[in-house]
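Participant: got a predicted structure here, sequence first:
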Amino acid sequence: MGNVFRLMFRRNRDTDTRRDIVTKQISAIGKAAGVRVSASKHASAHDLRRSFGMRWADKVKPHILMQLMRHDDIKTTLEFYIQSDADDVAKVVWEAVNTDHSERV
């Protein structure tokens, strides 16, 4: 599928930046900013990608999210991002049921 956009070295504008170098740079930025995904791990490029997908999952339809995430198969999108929507729906439904029940008592 390739890069979303062409990344360049700062020193040589004609050379594509390798993915591993960009990943290390993003991880270094996350570490310098103190962004943690757990007690022992700073944010990586993949963590930022997942965060992007989770934030958009409840804002766009699954086929649009699939394109944004550049997944080859809708099953990947549904497996990793749409489940959170089901959890959110369940939470809202149970809150409504509990609110409705408490109002009747």
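Facilitator: It's in. Numbering: from 1, shown residues only.
Participant: which of the residues in the helix or strand hosting W56 are buried?
Facilitator: If you go by DSSP states H and E, W56 is part of helix 45-57. Neighbour counts over helix 45-57 (16 or more other CB atoms under 10 Å) mark A45, D47, L48, R50, G53, A57 as buried. Every residue, glycine included, has its C-beta placed from N, CA and C.
Participant: do the same with stretch 86-98
Facilitator: Of all the residues in stretch 86-98, not one is buried under the rule 16+ other CB under 10 Å.
Participant: and this structure, what are its domains?
Facilitator: Following automatic domain parsing, the chain resolves into domains at 1-42, 44-104.
Participant: and the strands in this protein?
Facilitator: Taking DSSP state E as the criterion, the chain carries its strands at 36-38, 41-42.
Participant: other residues contacting the first one?
Facilitator: Going back to what we said before, that points to strand 36-38. H42, A43, S44, D47 (CB atoms under 8 Å, 6 or more residues apart in numbering).
Participant: take those and write them to TSV, including distance to V93 and pLDDT.
Facilitator: Formatted as TSV, the contacts of strand 36-38 follow (distance: CB to CB, whole Å; pLDDT from 0 to 100):
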residue	distance to V93	pLDDT
H42	36	86
A43	32	87
S44	34	86
D47	30	90
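Participant: any weak-confidence spans in this structure?
Facilitator: 1-17, 84-85, 100-105 (pLDDT under 70).
Participant: neighbours around S27, how many?
Facilitator: 19 (other CB atoms under 10 Å).
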